[in-house]
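Undergrad: 3D, please:
(one chain, ligands or ions: 1)
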Amino acid sequence: MDKREVIMDHYSNPRNKRKINDDRYIVKNSRNSSCIDNIDIYINIVDGVIEDLAFDGEACAISISSASIMTTNLKGKTINEAKNYINNMKNMLDDKEYDSDILKEAIVYEDTKNTSRKTCAWLPYEALSSVLSNLK
Ligand code: ZN
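TA: Next comes the predicted model:
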């Protein structure tokens, strides 16, 4: 699959997209004023591990697919592994050095790095990153 196909696959058939009403989950909203993006991220952390990760909301193809790929890749990871992944994603979007082996199919967003779509690709990570950095 080329980059566009990966994005369209995750947009038309998003993984882990569901509304969750459960006290065990932390919910974090993230919006992008320059786009239609408005998504909630749901995170259930147990003993330092992301037991479950999901999202819901309305957003463009870049943002929905990015959330789908993020939740797929980070479910089951430790908080430190997730932070490392998020740092690599940020570095890629900021045109710095990053490890493509860690990011897996999230590398499809490399092309957004110098465009306004960069914010769309980053949106779900912004929410997750803010939750993880506020953990006690
Ligand atoms: Zn967007």
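Undergrad: so which residues on this protein come close to the ion?
TA: By the rule CB under 5 Å from the ion, the part of the chain lying against the ion is 35, 37, 60, 63, 120. Backbone N, C-alpha and C define where each C-beta goes, glycine included.
Undergrad: export these to TSV and tack on secondary structure, neighbour count and pLDDT?
TA: Listed next are those as TSV, based on DSSP: H, G, I helix; E, B strand; the rest coil; neighbours: other CB atoms under 10 Å; pLDDT from 0 to 100:
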residue	secondary structure	neighbour count	pLDDT
35	coil	16	95
37	coil	22	97
60	coil	17	97
63	helix	27	98
120	helix	24	97
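Undergrad: pull the contacting residues for residue 16.
TA: If you count contacts by CB atoms under 8 Å, 6 or more residues apart in numbering, residue 16 has them with 53-55, 67-68, 71-72, 75.
Undergrad: look up the pLDDT of residue 64 for me, please.
TA: pLDDT recorded at residue 64 is 98.
Undergrad: need the three-state assignment for the closest residue to residue 77 other than its chain neighbours.
TA: Of all residues not flanking residue 77 in the chain, residue 50 sits nearest, at 5.5 Å (CB to CB, 6 or more residues apart in numbering). What DSSP: H, G, I helix; E, B strand; the rest coil gives for residue 50 is strand.
Undergrad: what of the one 5 residues further on?
TA: Assigned state for residue 55: strand (three-state reduction, three-state DSSP).
Undergrad: and the two most separated of the residues of the chain next to the ion?
TA: Pairwise distances across the residues of the chain next to the ion (CB to CB) peak at 7.0 Å, for the pair 35 and 63.
Undergrad: tell me which stretches of this structure form strands.
TA: Remark: strands assigned in the chain by DSSP state E are 26-31, 38-46, 49-58.
Undergrad: make CSV from the ones you listed and add mean neighbour count to it.
TA: Output for the strands of the chain, formatted as CSV (neighbours: other CB atoms under 10 Å):
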stretch, mean neighbour count
strand 26-31, 16
strand 38-46, 20
strand 49-58, 18
